[in-house]
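# only geometry, no sequence info:
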């Protein structure tokens, strides 16, 4: 395994409020404890992300499953294995996000796994991630499915997760290293350290393929 670049802050170095949030991460994921333990080096960074993620990803004006698909699109695009091997419990328990959809994210326009609304949201994510030029037809497509408040929230969420995942990718952190023993928000095949290692060793493990813009 590659060398980890920034250490985890031990729980006994955190205050009671921060430990409570870490325990929520352990129970529910989104985010998982390891990334939170990295941000805990600077409490302002810890709470900036925790509060923003709660307000515009787990909650907010737009249905959560759309945001989860776009979060996973970012994971595939920037090759953040730590984030890409997670699934939002809220989205998967509702049945709104299934693994067949996750497999086809970078080919979403040609895929039959998504409806028109999901494809429009993913096109928005694609344009942000890959710095694509947009025209009137692009925005007309978005406004057929989303209002302005929804587009603001989704754009902010995509920007936030793109920045965080692009950063976390560099740190070589891994699941089941902080507050281990829970499968909360882990993708199928990554529920514990043993299964995670076995899945990542498979020839068709998703991160072994180089991402590219489908456009």
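Structure received. As the structure is a prediction and not an experimental result, all values here were calculated from the model.
# and residue 49, how many neighbours?
Neighbour count for residue 49, taken as other Cβ atoms under 10 Å: 17. All C-beta spots, glycine's among them, are computed from the backbone N, C-alpha and C.
# and it, that one's in a strand?
No. Assessed with DSSP: H, G, I helix; E, B strand; the rest coil, residue 49 is helix; it does not lie in a strand.
# Pull the residues that contact the worst-scoring helix or strand of the chain on mean pLDDT.
Least confident helix or strand of the chain, by mean pLDDT, DSSP states H and E, is helix 89-93 with a mean of 77. By Cβ atoms under 8 Å, 6 or more residues apart in numbering, the surrounding residues in contact with helix 89-93 are 28-30, 58, 64-65, 68, 97-98, 184-185.
# Which elements pack onto the longest helix along the chain?
Longest helix in the chain by number of residues, with DSSP state H as the criterion: helix 148-171. Applying 3 or more Cβ pairs under 8 Å, 6 or more residues apart in numbering; DSSP states H and E, we find helix 148-171 packed against helix 33-39, helix 43-53, helix 64-78, helix 81-84, helix 116-129.
# What lies in contact with stretch 179-195?
Against stretch 179-195 from outside (Cβ under 8 Å, 6+ apart): 11, 22-23, 25-30, 32-33, 84-89, 99, 102, 175-176, 196, 198-199.
# Next, the contact list for residue 113, please.
Per Cβ under 8 Å, 6+ apart, neighbours of residue 113: 100-101, 103-104.
# and it, helix, strand or coil?
coil.
# Give me the distance between it and residue 200.
24 Å (Cβ to Cβ, to the nearest Å).
# who wins for neighbours among the contacts of helix 89-93?
The most crowded member of those, judged by other Cβ under 10 Å, is residue 68 (26 neighbours).
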